[in-house]
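Chemist: how would this look folded up:
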Amino acid sequence: MAEIPGRILALDVGDARIGVAMSDPLRILARPHSTIDRNKRSVHLLLELCKSEGVKIVVVGLPINMRGEIESQAQKTIEFKEKLALEAGNRKLMLEFVLWDERLTSVSAERLIQGSKLKDKNRRALLDQVSATLILESYMNSISLD
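Modeler: Residues are numbered from 1 along each chain as shown. You can find the predicted model right below:
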């Protein structure tokens with residue numbers, strides 16, 4: 001019997017919040033999961049989620065600019081991913097980390113939730129989750145072509 005590959009977690013990392021999306025165990029569906037506040041506990045919370053849900057790959061959206069250059073927000077995202085990977089290693093969690101081009105995901109996510117009557121805070125949280133889901137879908141589509 002074939003082994004189940006394990007879930008993929010995708011993150012849309014911002015200064016204040018992190019949008020989280022997760023695949024099913026067979027890596028067929030991507031769905032929004034949650035939005036967490038970015039603070040001292042966010043690395044711990046994300047790694048606990050990876051452990052409890054059987055995550056094998058963490059895809060971190062990299063906000064490079066339209067010219068393909070890494071600017072300040074992308075550098076902050078890289079540093080967050082490195083901190084997450086270091087702590088995962090310290091906890092002996094066998095996770096693969098992938099930086100993934102997220103250009104235009106926020107624009108696409110905004111279009112998807114356009115017209116929702118959510119209050120501003122709930123709208124931002126949903127936008128972060130939808131952005132993470134689009135990152136995850138893009139990554140999953142690329143690996144299904146392999």
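
Chemist: The one helix or strand in the chain whose mean pLDDT sits lowest: what's the following helix or strand?
Modeler: Least confident helix or strand, the chain: helix 105-113 with a mean of 62, by mean pLDDT, DSSP states H and E. Counting by DSSP states H and E, the next helix or strand C-terminal to helix 105-113 is helix 120-144.

Chemist: Buried residues in that following helix, which are they?
Modeler: Neighbour-count burial for helix 120-144, counted by 16 or more other Cβ atoms under 10 Å, picks out 124-140. For glycine as for every other residue, the C-beta is placed from the backbone atoms N, C-alpha and C.

Chemist: Equivalent analysis for stretch 21-38, please.
Modeler: 21-23, 25, 27, 30, 32-33, 35-36.

Chemist: ok, which stretches of the protein are strands?
Modeler: Taking DSSP state E, the strands of the chain run over residues 7-13, 17-23, 30-37, 55-62, 96-101.

Chemist: which ones are touching the residue nearest to residue 46 when sequence neighbours are not counted?
Modeler: Nearest residue to residue 46 in three dimensions, chain neighbours excluded: residue 84, at 6.4 Å (Cβ to Cβ, 6 or more residues apart in numbering). Neighbour list for residue 84: 43, 46-47, 58, 60, 97 [criterion: Cβ atoms under 8 Å, 6 or more residues apart in numbering].

Chemist: Ok, residue 95 next?
Modeler: Residues near residue 95 by Cβ under 8 Å, 6+ apart: 50, 55-58, 85, 88.

Chemist: Show me which pair in the contacts of residue 84 is furthest apart.
Modeler: 47 and 60 (13.3 Å; Cβ to Cβ).
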